[in-house]
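> here are the coordinates; sequence isn't available:
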Ligand code: AMP
């Protein structure tokens with residue numbers, strides 16, 4: 001595995017790969033890697049000749065200073081895990097390499113209304129930062145294929161919009177959510193949960209599972225009410241949103257097909273998101 005810290009190093013390495021007609025699959029991450037990230041690397045490896053993974057904790061997408069400050073950094077372990085997953089190239093740039101003109105953000109709103117709902121509404125500026133970093137990384141890596149996790153479902157929609165908006169010839173792939181054995185969606189932030197919060201956090205997937213299992217037996221409104229009630233029994237959990245919406249545009253729907261149930265909760269001090277596709 002080749003480690004590149006600068007854009008010029010990475011460009012040199014990737015130009016050589018592209019010159020020999022290798023396709024480039026790209027998996028952008030913020031590090032603190034877990035099996036969810038590695039599953040994307042492995043899927044990318046199946047469809048591309050060369051897999052590039054970036055590790056960059058992007059400051060412009062954090063809407064809370066404390067979240068950025070406390071974001072876990074485990075670079076040595078990340079490199080080991082990537083090498084074991086047969087990643088070909090890892091790109092670990094500095095902030096000034098990515099943002100030579102300072103931490104300026106471009107507007108996500110140009111990508112459409114999906115950027116203003118749910119995560120966009122609860123984390124002001126978050127998608128501006130995501131738009132900025134992904135456009136920058138796509139311009140640097142110039143991948144043929146990109147791999148993103150369903151865990152960040154709304155981000156997946158944003159990436160598809162971004163590819164279309166800038167007319168990039170990039171193929172988009174979405175990888176399934178990788179979960180802990182008790183159902184909790186893997187997340188780099190899970191390590192910050194206390195033992196008690198970690199236990200309660202399993203209620204999130206239980207609530208989503210109730211909705212999924214009963215999707216054709218009850219109305220969406222009733223199922224959401226049942227799931228809410230179950231979650232609200234736990235004082236550590238505060239729901240930000242729990243909605244079943246159209247999986248293409250995130251708008252309210254009465255349809256039972258092409259639906260996604262999105263949830264965000266604060267579990268103690270840690271904000272967690274999850275979702276399930278319905279039916
Ligand atoms: P992050 O490092 O959190 O920015 O995530 C990098 C990529 O990994 C994103 O495309 C995420 O959606 C994806 N990802 C994060 N957690 C999971 C998970 N539990 N299962 C699958 N993909 C994930």
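Arrived safely. Fair warning: this is a prediction, and the values are worked out from it, not measured in the lab.
> Quick check: residues of the stretch 101-250 of the chain near the ligand?
148, 149, 151, 152, 175, 177, 178, 185, 186, 187, 188 (Cβ under 6 Å from any ligand atom). Where you see a C-beta, it was placed from the backbone N, CA and C, and this is true even at glycine.
> Turn those residues into a markdown table, including secondary structure.
Shown next, in a markdown table, are those (DSSP: H, G, I helix; E, B strand; the rest coil):
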| residue | secondary structure |
| --- | --- |
| 148 | strand |
| 149 | strand |
| 151 | helix |
| 152 | helix |
| 175 | strand |
| 177 | coil |
| 178 | coil |
| 185 | strand |
| 186 | coil |
| 187 | coil |
| 188 | helix |
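> of all those residues, which comes closest to residue 159?
For those, the closest approach to residue 159 (Cβ to Cβ) belongs to residue 148, at 5.6 Å.
> Could I get the contacting residues of that closest one?
28, 40, 155, 156, 159, 172, 173, 174, 175 (Cβ atoms under 8 Å, 6 or more residues apart in numbering).
> one more time with 6 Å
156, 159, 174 (Cβ atoms under 6 Å, 6 or more residues apart in numbering).
> Pull the residues that contact stretch 23-30.
37, 40-41, 44, 48-55, 57, 137, 141, 143-147.
> Now look at that stretch and say if it contacts the ligand.
Yes. Using Cβ under 6 Å from any ligand atom, stretch 23-30 comes into contact with the ligand via 29, 30.
> swap in stretch 256-275?
No. Stretch 256-275 is not in contact with the ligand by Cβ under 6 Å from any ligand atom; minimum separation 8.9 Å.
> Now that stretch: average pLDDT?
Across stretch 256-275, pLDDT averages out at 98.
> Off-centre distance for it?
Computed by Cα atoms, centre = their mean, to the nearest Å, the chain-centroid distance of stretch 256-275 equals 13 Å.
> buried stuff in that stretch?
259-265, 267-268, 270-275 (16 or more other Cβ atoms under 10 Å).
> do the same with stretch 215-225
Buried-residue list, stretch 215-225, by 16+ other Cβ under 10 Å: 215, 220, 223, 224.
> List the ones among those residues that fall in helices.
Mapping the buried residues of stretch 215-225 onto helices (DSSP state H) picks out 220, 223, 224.
> which residue packs closest to the last one, ignoring adjacent ones?
Once flanking residues are discounted, residue 224 sits nearest to residue 242: 5.8 Å by Cβ to Cβ, 6 or more residues apart in numbering.
> In the stretch 51-200 of the chain, what residue comes closest to the ligand?
residue 149 (2.3 Å; Cβ to the nearest ligand atom).
> picking that back up, in a markdown table, list the residues of the stretch 101-250 of the chain next to the ligand along with distance to residue 89 and pLDDT.
Formatted as a markdown table, these follow (distance: Cβ to Cβ, whole Å; pLDDT from 0 to 100):
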| residue | distance to residue 89 | pLDDT |
| --- | --- | --- |
| 148 | 18 | 99 |
| 149 | 20 | 98 |
| 151 | 24 | 98 |
| 152 | 23 | 98 |
| 175 | 19 | 98 |
| 177 | 26 | 98 |
| 178 | 23 | 98 |
| 185 | 27 | 98 |
| 186 | 24 | 98 |
| 187 | 25 | 98 |
| 188 | 21 | 95 |
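> Buried only: go through those for me.
Buried among these (16+ other Cβ under 10 Å): 148, 149, 151, 152, 175, 177, 178, 185, 186, 187, 188.
> Which member of those residues is positioned nearest residue 168?
Among those, and counting by Cβ to Cβ, the member closest to residue 168 is residue 148, at 14.1 Å.
> Please report how far that closest one lies from residue 158.
With the distance defined as Cβ to Cβ, to the nearest Å, residue 148 ends up 9 Å from residue 158.
> try residue 32
For residue 32, the distance to residue 158 - Cβ to Cβ - is 21 Å.
> So for those two, which residue has more residues nearby?
residue 158 (24 against 20; other Cβ atoms under 10 Å).
> Just list the residues touching that one, thanks.
111, 115.
> Make sure I have this right: it is in a helix.
Yes. Applying three-state DSSP, one finds residue 158 inside a helix.
> Tell me which helix or strand residue 155 sits in.
helix 153-165 (DSSP states H and E).
> centre of the chain versus that helix, how much separation?
With Cα atoms, centre = their mean, you get 11 Å for helix 153-165.
> Now do the buried residues in that helix.
Taking 16+ other Cβ under 10 Å as the criterion, helix 153-165 shows 153, 154, 155, 156, 157, 158, 159, 160, 161, 162, 163 as buried.
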